[in-house]
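Visitor: build the 3D model from these lines:
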Amino acid sequence: MTKRFDVVGVGNALVDVLAPSEDAFLVEQGIDKGVMQLIDTARASSLYAAMGPATEISGGSAANTVAGLAALSARTAYVGKVKDDQLGDVFAHDLRAQGATYEVPFALKSEEAETGRSLILVTPDGERSMNTYLGVSEFLGPDDVDPEMMSEATWLYLEGYRFDGPQSHAAFAKAIDACKATNGQVSITLSDPFCVERHRDAFKEMIAASVDLVFCNEHELMSLYQTDNFEAALTAISRDCALTACTRGPKGAVIVDGDKRMAVDSVGTSVVDVTGAGDLFAAGFLFGLVSERPLDIAGKMGCVAAGEVISHVGARPEKDLAALFRSAGL
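Guide: Here you go, the predicted model:
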């Protein structure tokens, strides 16, 4: 049976606000470099006021992945919560313009929380430090999940960051049940080492019970299994999940398929902003899977897509990814 969607993503719906920064500013503001920190409304306002000139670009980790897939003409849909406000309009417009289906009703104007945004400070080395106000995105719940849409997904893609929401675990469970009921497959991204620390047991339980593919980087994977040994972490994940795609920055990626491991080289590029690197790796890899490429080719597609997005500011592709794949012989 041909399904309506190649990939349906579920996760945060945010607008990224990116600004260049020196390391001294991070220290001054008490910001941990290179990770995501959750902030409240007051902190979002004060930090925004202190930041330099910024660029606003629709974001959200899983939404970036879906946007990348849509740019490749994959059939995609997204589930994430925004408010009926200016940034909510921007988010919905940008995702639909990319070619993705987005049908989640907006939260009412009367809601106290606003559309979420991530204030991203990019240092000269290209590293990004994210300060995220989740807003209404935090309150994604089961009522926002359409079981019929989930049943029409070949792949479900779940965002680990959303584990921080009070109703998100129930939303994920509803999505997984509907997807699995029609033989769909489930993937999840671990998102961030600190996110893993907050929800380690929940991640492990879901992966063992329901997940067919884990996306992660080496730091997230080692956090999941509480080890400093990367090889031990790879062995552990191979026992819990059939397939894992683990990125390693300039070292490329490792694909773990049962007892087999495949190393994939990174793509040489000038690093401007690493925001979205993991998101676009996932987009390239999933595109490889839905277009029935071998796993090593899917891994190379992931690295090409990641290489494109780190070559400019912002977490969504600016170049034709399909053309880049063809140039790379993929």
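Visitor: quick one, strands of this structure?
Guide: Using DSSP state E, the strands of the chain run over residues 5-10, 14-20, 36-38, 55-59, 76-79, 101-102, 115-122, 128-135, 153-159, 185-189, 213-217, 243-247, 253-257, 260-264.
Visitor: reformat these as a markdown table; add distance to Ala298, mean pLDDT and mean neighbour count.
Guide: To be clear about C-beta, it is placed using only N, CA and C from the backbone, and glycine gets the same treatment. Listed next are the strands of the chain as a markdown table, based on distance: least, CB to CB, whole Å; pLDDT from 0 to 100; neighbours: other CB atoms under 10 Å:
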| stretch | distance to Ala298 | mean pLDDT | mean neighbour count |
| --- | --- | --- | --- |
| strand 5-10 | 13 | 97 | 28 |
| strand 14-20 | 26 | 89 | 22 |
| strand 36-38 | 26 | 86 | 18 |
| strand 55-59 | 24 | 85 | 20 |
| strand 76-79 | 17 | 97 | 28 |
| strand 101-102 | 23 | 96 | 18 |
| strand 115-122 | 28 | 91 | 25 |
| strand 128-135 | 25 | 90 | 24 |
| strand 153-159 | 12 | 98 | 26 |
| strand 185-189 | 12 | 98 | 24 |
| strand 213-217 | 10 | 97 | 25 |
| strand 243-247 | 8 | 97 | 25 |
| strand 253-257 | 8 | 97 | 20 |
| strand 260-264 | 9 | 95 | 15 |
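Visitor: nearest to Pro166, out of those?
Guide: The closest of those to Pro166 is strand 128-135. By CB to CB, the value is 10.9 Å.
Visitor: what are the pairing partners of the closest one, and which direction each?
Guide: Note on strand 128-135: by DSSP bridges, its sheet partners are strand 36-38 (parallel), strand 115-122 (antiparallel).
Visitor: nearest to Gly160, out of the ones you listed?
Guide: Evaluated over the strands paired with strand 128-135, closeness to Gly160 peaks at strand 36-38, with 10.5 Å, by CB to CB.
Visitor: the closest one: how far from the chain's middle?
Guide: Centroid separation for strand 36-38 versus its chain: 14 Å, with CA atoms, centre = their mean, to the nearest Å.
Visitor: likewise stretch 26-44?
Guide: Centre-to-centre, stretch 26-44 and its host chain are 20 Å apart (CA atoms, centre = their mean).
Visitor: how about that stretch: buried residues?
Guide: Using 16 or more other CB atoms under 10 Å as the burial criterion, the residues of stretch 26-44 that qualify are Leu26, Gln29, Ile31, Gly34, Val35, Met36, Gln37, Leu38, Ile39, Ala44.
Visitor: out of the residues you listed, the closest to Arg198 would be?
Guide: Among the buried residues of stretch 26-44, Leu38 lies closest to Arg198 (CB to CB), at 9.7 Å.
Visitor: can you pull up the bridge partners for the closest one?
Guide: Judged by DSSP bridges, the bridge partners of Leu38 are Thr132.
Visitor: what sits against it?
Guide: Applying CB atoms under 8 Å, 6 or more residues apart in numbering to Leu38 gives the contacts Thr132, Tyr133, Leu134, Asp164.
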